[in-house]
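*Asks:* Structure of the sequence below:
(chains A, B, C and D)
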Protein chains: 2
Amino acid sequence: MPDGRTRRRDDTKQRLYDAAMELIAEHGFSATTVDDIAVAAGVAKGTVYYNFPSKNALFEALLRHGVGLLTTDFRAAVAAAATPPEQAVALIRAELAYIQRHRSFAQLLLSEMWRTNREWHQTLHLLRDEAVDVIADVLRRGADEGWFDAGLDVRMAAAALFGVCLVVAVDWLVFEPDRTLESVQDSLVAVIRARVGI
Amino acid sequence: MPDGRTRRRDDTKQRLYDAAMELIAEHGFSATTVDDIAVAAGVAKGTVYYNFPSKNALFEALLRHGVGLLTTDFRAAVAAAATPPEQAVALIRAELAYIQRHRSFAQLLLSEMWRTNREWHQTLHLLRDEAVDVIADVLRRGADEGWFDAGLDVRMAAAALFGVCLVVAVDWLVFEPDRTLESVQDSLVAVIRARVGI
DNA sequence: GTTTTTAGACTGACTGGTCAGTACAACTTG
DNA sequence: CAAGTTGTACTGACCAGTCAGTCTAAAAAC
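*Replies:* Sure thing, here's the model as predicted:
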């Protein structure tokens, strides 16, 4: 039961998250200034430093926040579907929908995920694993129960599925923003399901 | 028949490419200083500006250079295989091998590819299309000739294939560098080929 | 074949500007 | 009152780009 002060402060933090997400996704971390973030959030610069100890800390909190939301969506998608194949489709849909709702964050993830030698690299790696593990669990159960090929490299398949959704969704939003989520989802599921016959 | 001067200058440019690639992949464009690049290349700062008009121009040249090599590898892979399915596997192998050889550049691509509002965004988009088109051609021919599903969304499949190789390969090199290319290729082909049965 | 000249390649100190973070007095809201 | 916020002013580090000058391979002159 948050009191007025907490609510107010949370609201400020949320506006800072939103502003930082947008700007950092567009221009990158280093090219985004704290002044820009403050202006975009409609907040004084001092307020940024009242709520976060540093620009880095703000960014790490942002990552935690964003990936946390995604993992929550993933868990909900799995819980709402019955069989592993249905759960897999639900996961794809959840990821696409999440990325549609938080496009900037997805661009940001894509930019920072595989970059080494950054202060927050470890944090991001851990966070990603939480999300990918949800996918891996579904695939493992599906393989064990005979829905999917038994020899499936579960870890790689999970990473590949996560990555392919990310790449396809960002491509969609950047280059074909008029397509609907359904259309993209259908095409993607068809591509994955296709007996490519290689 | 290059004379001593030209050879010297080409060598300097190559060293600047190598240094810039490494540093920008690790730290990003904005976080990499021209001084860093110059030091890593064993060259004075002025030399950077003697060879390139600006930091941006150096980066664009770097992108052109790197993607050009990849596209060349792609074309060679297609030419060396007979049927579309074999060509597709050859393309996957070519992309993995390329990324193994030029890990930094792959990380750099992944970081910059879907970032909008950058001076070089247009350039990069064009360059990527050149590479993805090679994949798309193979898939289109394969679909037309009945090797692959007829209704395949060729553009998306090509983008997805390109992206999934990129993501899987960078994941491999960052988190499991000890695996061999063959092992990764086999797993990836198996994942793609798998009747995931979704 | 030796000396002189030229211009291409490179150098590194310097400049003007930018930005993270600090300080603080005044204002607002619970 | 106290917690949260504002606005402004400031500092010190850092950095892209410049420029006057050096070095040297090769062309020209002797």
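*Asks:* tell me what the helix or strand encompassing A:A88 is packed against?
*Replies:* When elements are assigned from DSSP states H and E, A:A88 belongs to helix A:84-101. Contact analysis of helix A:84-101 by 3 or more CB pairs under 8 Å, 6 or more residues apart in numbering or on different chains; DSSP states H and E lists helix A:55-80, helix A:121-144, helix A:154-175, helix A:181-193 as its packing neighbours. To be clear about C-beta, it is placed using only N, CA and C from the backbone, and glycine gets the same treatment.
*Asks:* The second one: how far from the chain's middle?
*Replies:* What separates the centre of helix A:121-144 from the centre of its chain is 13 Å, taken as CA atoms, centre = their mean, to the nearest Å.
*Asks:* quick check: mean pLDDT across it?
*Replies:* The pLDDT scores in helix A:121-144 average 93.
*Asks:* and if you look at the last one?
*Replies:* Per-residue pLDDT values over helix A:181-193 give a mean of 90.
*Asks:* do the same with the longest one
*Replies:* Throughout helix A:55-80, pLDDT has a mean value of 95.
*Asks:* now for it, which elements pack on it?
*Replies:* helix A:4-27, helix A:84-101, helix A:103-112, helix A:121-144.
*Asks:* so what secondary structure elements neighbour the shortest one?
*Replies:* So the one you mean is helix A:103-112. Against helix A:103-112 (3+ CB pairs under 8 Å, 6+ apart) you get helix A:4-27, helix A:55-80, helix A:154-175, helix B:103-112.
*Asks:* Identify the residues contacting that helix?
*Replies:* A:21-22, A:24-26, A:28-29, A:63, A:66-67, A:98-99, A:118, A:120, A:124, A:128, A:166-167, A:169-170, A:173-174, B:28, B:110-116 (CB atoms under 8 Å, 6 or more residues apart in numbering or on different chains).
*Asks:* What's the ChimeraX syntax to select whichever of those residues are buried?
*Replies:* Buried residues among those (16 or more other CB atoms under 10 Å in any protein chain shown), as a ChimeraX selection:
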select /A:21,22,24,25,26,28,29,63,66,67,98,99,118,120,124,128,166,167,169,170,173,174 /B:28,110,111,112,113,114,115
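*Asks:* So which of the helices and strands packed on helix A:55-80 is the most surrounded?
*Replies:* Between the helices and strands packed on helix A:55-80, helix A:103-112 has the highest mean count of neighbours, a mean of 23, where neighbours are mean count of other CB atoms under 10 Å in any protein chain shown.
*Asks:* so A:Q87 sits right up against A:V78, yeah?
*Replies:* Yes. A:Q87 lies in contact with A:V78 (CB atoms under 8 Å); the separation is 5.0 Å.
*Asks:* Which neighbours do the two have in common?
*Replies:* Common contacts of A:Q87 and A:V78, defined by CB under 8 Å, 6+ apart, comprise A:V138.
*Asks:* returning to that earlier point: in JSON lines, list the helices and strands packed on helix A:55-80 along with distance to DNA strand D.
*Replies:* Shown next, in JSON lines, are these (distance: least, CB to the nearest atom of the strand, whole Å):
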{"stretch": "helix A:4-27", "distance to DNA strand D": "3"}
{"stretch": "helix A:84-101", "distance to DNA strand D": "24"}
{"stretch": "helix A:103-112", "distance to DNA strand D": "18"}
{"stretch": "helix A:121-144", "distance to DNA strand D": "18"}
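*Asks:* Out of those, flag the one nearest DNA strand C.
*Replies:* Smallest distance to DNA strand C across the helices and strands packed on helix A:55-80 (CB to the nearest atom of the strand): 3.0 Å, for helix A:4-27.
*Asks:* Does DNA strand C have contacts with the helix or strand just after the closest one?
*Replies:* Note on helix A:4-27: by DSSP H and E, the next helix or strand toward the C-terminus is helix A:34-41. Yes. Figure legend: helix A:34-41 in contact with DNA strand C (CB under 7 Å from any atom of the strand); contacting residues A:V34, A:D35.
*Asks:* quick one: buried residues of helix A:34-41?
*Replies:* Judged by neighbour count using 16+ other CB under 10 Å, the buried positions of helix A:34-41 are A:D36, A:I37, A:A38, A:A40, A:A41.
*Asks:* What lies in contact with the helix or strand following it?
*Replies:* Later in the chain than helix A:34-41, the nearest helix or strand by DSSP H and E is helix A:45-51. Identification of contacts with helix A:45-51 by CB under 8 Å, 6+ apart yields A:R9, A:T12, A:K13, A:L16, A:V34, A:D35, A:I37, A:A38, A:A41, A:L58.
*Asks:* Just flag the most distant two among these.
*Replies:* Farthest pair in the contacts of helix A:45-51 (CB to CB) is A:R9 and A:D35. Separation: 21.1 Å.
*Asks:* correct me, but A:D18 touches A:V43?
*Replies:* No. Proximity of A:D18 to A:V43 does not meet the contact threshold set by CB under 8 Å, at 11.1 Å.
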